[in-house]
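sharing a sequence plus its predicted fold:
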Amino acid sequence: MNAVPIRKNTLFTVPLYCIAAGLICFYLVVYGVARFAVVTLPDGSLASDKGRVLFIYGLLMAAALAIGRRLFRRMTRKEIAVSASIMAAFQLITILLEAILSPTDSLALTFFYLSMPGEWAAFIPLLLYRLTGGELFSAVIGSFSPFLFVLFGKKRP
């Protein structure tokens, strides 16, 4: 069995895609589709409907996966897995540091920006949090979402 080398130019493909997709999804939610999740309560106050928020994030994740499917189809599954590992490790480190440090003020803003690459897959932690109530658990499981792209890679080089 011959080991197929991983092309070095594919190492940061998944992280770069996650950064781009995360930024696009963030701005789509903030400046576009979030208004569809806002409901007026009987007392006249505004709130977000959790079901609608989950639906919006589900649509964004489906779109990001559909685009990723086209982008990653030329890479092998092994290349995608290694590249996704870089992104997942970054997200895990960010989540764990945030949990340990409990940041406030500018450090909290820094962690907010560092978490943006995972915004495209926010559906997973949101759904898990809704089902389990475990914030850290949901975030950690959500950090492995870049591995979904492995499904779109070539089985053989």
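Ah, there it is.

all contacts plus neighbour counts: C-alpha atoms, from now on.
Noted.

list the buried ones in stretch 23-35?
For stretch 23-35, the neighbour count (16 or more other C-alpha atoms under 10 Å) marks Leu23, Ile24, Cys25, Phe26, Val29, Ala34 as buried.

so for it, what's the average pLDDT?
The average pLDDT for stretch 23-35 rounds to 87.

quick one: residues in contact with it.
Outside stretch 23-35, the residues that touch it by C-alpha atoms under 8 Å, 6 or more residues apart in numbering are Val53, Ile56, Leu60, Met116, Pro117, Glu119, Trp120.

using a markdown table, lay out these together with neighbour count, pLDDT and distance to Met75.
Shown next, in a markdown table, are the contacts of stretch 23-35 (neighbours: other C-alpha atoms under 10 Å; pLDDT from 0 to 100; distance: C-alpha to C-alpha, whole Å):
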| residue | neighbour count | pLDDT | distance to Met75 |
| --- | --- | --- | --- |
| Val53 | 20 | 89 | 33 |
| Ile56 | 18 | 92 | 29 |
| Leu60 | 24 | 95 | 23 |
| Met116 | 20 | 93 | 25 |
| Pro117 | 25 | 93 | 21 |
| Glu119 | 23 | 94 | 23 |
| Trp120 | 29 | 96 | 21 |
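
most widely separated two among these?
The two members of these with the most space between them (C-alpha to C-alpha) are Val53 and Pro117, at 18.5 Å.

what lies in contact with the longest helix along the chain?
Determined from DSSP state H, the single longest helix within the chain is helix 77-101. The contact list for helix 77-101 (C-alpha under 8 Å, 6+ apart) reads 6-7, 10-15, 18, 72, 111, 114-115, 118, 136, 139-140, 143-147, 149-156.

now Leu16: which helix or strand?
In the assignment (DSSP states H and E), Leu16 maps to helix 13-31.

now that helix against helix 77-101, angle please.
Helix 13-31 and helix 77-101 are oriented at 50 degrees to each other (axes from the mean of the first three to the mean of the last three C-alpha atoms, to 10 degrees).
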